[in-house]
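Colleague: What shape does this take:
(one chain, ligands or ions: 1)
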Amino acid sequence: MAEVLSVINPATEKLIKEISVDDSAAIANKVKRAHGAQPVWAAKPLAERIEAIKKFRNFLVEQADSLAATLTAETGKPITQAKNEILGTPPRIDFFVENVAKVIATQQVYQDPWQSIPGSGRLEEFISYEPLGVIANISAWNYPYFVGSNVFIPALLTGNAVVYKPSEIATMTGLAIATLLHKAGIPPDIFIPIIGTGLVGATLLKQSIDGVFFTGSYPTGQSIATAVAPKLIKLQLELGGKDPAYVCNDVDATSVAVGLADGAFYNNGQSCCAVERIYVHTDVYEPFVEKFVQTVQEFKLGVPTNAETYLGPLSRKRQVSIIAQLLQDALAKGAQLLCGGRPLDGPGWYFAPTVLSDVTHEMTVMREETFGPVIGVQRVSGDDEAVALMQDTDYGLTAAVYSSQRERAVGILEQVSSGSAYWNCCDRVSPRLPWTGRGHSGIGSTLSTLGISTFLQPRGWHLKK
Ligand code: NAD
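Modeller: Predicted coordinates for the structure are as follows:
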């Protein structure tokens, strides 16, 4: 009998659906189909590929309510945030559509100014760009529309076929995405979903593929990098973060506290760029902490189907015990619990939003990605100590500094190794800027024009007349 994946509602712990998992023969067959179809897709005029993607974009807008209901049911994401994600995806698609022609255009980079050696012909040099071929996109559940479309939209626009493995926690959403792409005109052999857990992802990596684009955790990224290394194919990894924010002593700490509370707790802290550790200058520490805790306590916690809910259940059951262990470690090492600190009574995988003070880098909560509604706030004596602590991590996704002086903030951010640098903002993604991590946060970039060219391989042409 075929293996099935059980989709559980994190708010009710009830089974929503069982979905058949792809076995290795099915996976091999899907990859083979993609190889057969990809050259035909790549040979189509760009306008045809754009047309299909624009239809998909419009379907997202038209069907946002029902798509959001599915996302909320399987991940526990509050319905308003689910809808925000779905409606936030079209502007990213628009960026790719508007910029793809420019990125794939063949460029002439040299032409002999004169025929230097008589009879030798005139030399011209061009760079052309071709799709990679069939790429595997192994994706995360926390923002399936954002992180998925960052990969499969530019991949499809540039003429690649995509074999797409949604997270086992967002499988119904992955299948809904596939249905809409096919309805929009993307051929079924050009975008192919593969269903299953990490084992299915690992089986996919054994196939003949031309690139791997992964979004997920550092440990999984590391095992994927190891698995595909002998293939010598393109590998892009968008991994986790331990994103710091520093509040300088020249700001209104109370208004910064409100913004940072949202940056830390939106989507229950289950964002790669969620603020995961906060350093506050000693001069503004007390008013900051008071307002921060008050804001967190006012967040509306409840069933994710309620439009007013800000914090729903965690998407993964095991995260509840991971967070409980982090707290135990921190409290045993001297942290103070300012609010929260415990799972809520069931049903549902709820955890009370938690703020810790008196934290240090001896505690796991300040070192490992928490990926939940928990934050540590640490007092610092000044900018030098803040920089040292912000830098004390293997990750490098984002970093934020709050200051009334741009020069001061930029000077601090330049000393912190991160793919994104925020002055007076946080937890923000722009389609115009590369989304990229350093160190354990990954390799390569999505979004921006770099996030289009990453799906292309260049060819250098030496043409002599
Ligand atoms: P995960 O690493 O547990 O799983 C990600 C995907 O990899 C899933 O589809 C899973 O089935 C698959 N997988 C697991 N083991 C595999 C293996 N051995 N071989 C192939 N595939 C395998 O991550 P997650 O829990 O889905 O997502 C949360 C993580 O993703 C967090 O660390 C978060 O920070 C990170 N993330 C990063 C970004 C970014 O842009 N940098 C965006 C979103 C999420």
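Colleague: for the residue in the stretch 201-350 of the chain that the ligand sits nearest to, helix, strand, or coil?
Modeller: Per Cβ to the nearest ligand atom, residue 201 is where the stretch 201-350 of the chain lies closest to the ligand, at 2.3 Å. Where C-beta positions appear, they are placed from N, C-alpha and C, glycine not excepted. Following DSSP: H, G, I helix; E, B strand; the rest coil, the label given to residue 201 is helix.
Colleague: ok, it touching residue 138?
Modeller: Yes: Residue 201 lies in contact with residue 138 (Cβ atoms under 8 Å); the separation is 4.8 Å.
Colleague: which residues do those two both contact?
Modeller: Both residue 201 and residue 138 are in contact with 165, 224, where contact means Cβ atoms under 8 Å, 6 or more residues apart in numbering.
Colleague: ok, which residues in the stretch 251-400 of the chain are in contact with the ligand?
Modeller: 272, 369, 371, 397 (Cβ under 6 Å from any ligand atom).
Colleague: Serialize those to TSV and add fields for secondary structure, neighbour count and pLDDT.
Modeller: Listed next are these as TSV, based on DSSP: H, G, I helix; E, B strand; the rest coil; neighbours: other Cβ atoms under 10 Å; pLDDT from 0 to 100:
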residue	secondary structure	neighbour count	pLDDT
272	coil	29	95
369	coil	21	96
371	coil	24	96
397	coil	27	98
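Colleague: which one of these is nearest residue 281?
Modeller: Within these, the smallest distance to residue 281 is 23.2 Å, found for residue 397 (Cβ to Cβ).
Colleague: Test my guess that the closest one contacts residue 274.
Modeller: No: at 9.9 Å, residue 397 does not count as touching residue 274 under the criterion of Cβ under 8 Å.
Colleague: tell me, what's touching the two both at once?
Modeller: Shared contacts of residue 397 and residue 274, counting by Cβ under 8 Å, 6+ apart, come down to 241, 243.
Colleague: Counting by contacts, list what the biggest helix by length in the chain packs against.
Modeller: Ranked by residue count under DSSP state H, the longest helix found in the chain is helix 79-104. Under the contact definition 3 or more Cβ pairs under 8 Å, 6 or more residues apart in numbering; DSSP states H and E, helix 79-104 sits against helix 46-62, helix 64-75, helix 144-157, helix 450-453.
Colleague: So which of the ones you listed is nearest residue 175?
Modeller: helix 64-75 (9.1 Å).
Colleague: Give me the mean pLDDT for the closest one.
Modeller: Summarised as a single mean, pLDDT over helix 64-75 is 98.
Colleague: Okay, angle between that helix and helix 79-104 too, please.
Modeller: Interaxial angle, helix 64-75 versus helix 79-104 (axes from the mean of the first three to the mean of the last three Cα atoms, to 10 degrees): 110 degrees.
Colleague: Start the count at 754 instead of 1 going forward.
Modeller: OK, 754 is where the count begins now, so the last one is helix 817-828.
Colleague: tilt between helix 817-828 and helix 799-815?
Modeller: 80 degrees.
Colleague: Now do stretch 934-950: everything it contacts.
Modeller: By Cβ under 8 Å, 6+ apart, stretch 934-950 touches 756, 758, 772-775, 779-780, 783, 786-787, 789-791, 793-794, 801, 804-806, 808-809, 812, 905, 909, 914-919, 921, 924, 927-928, 930-931, 953, 956-957.
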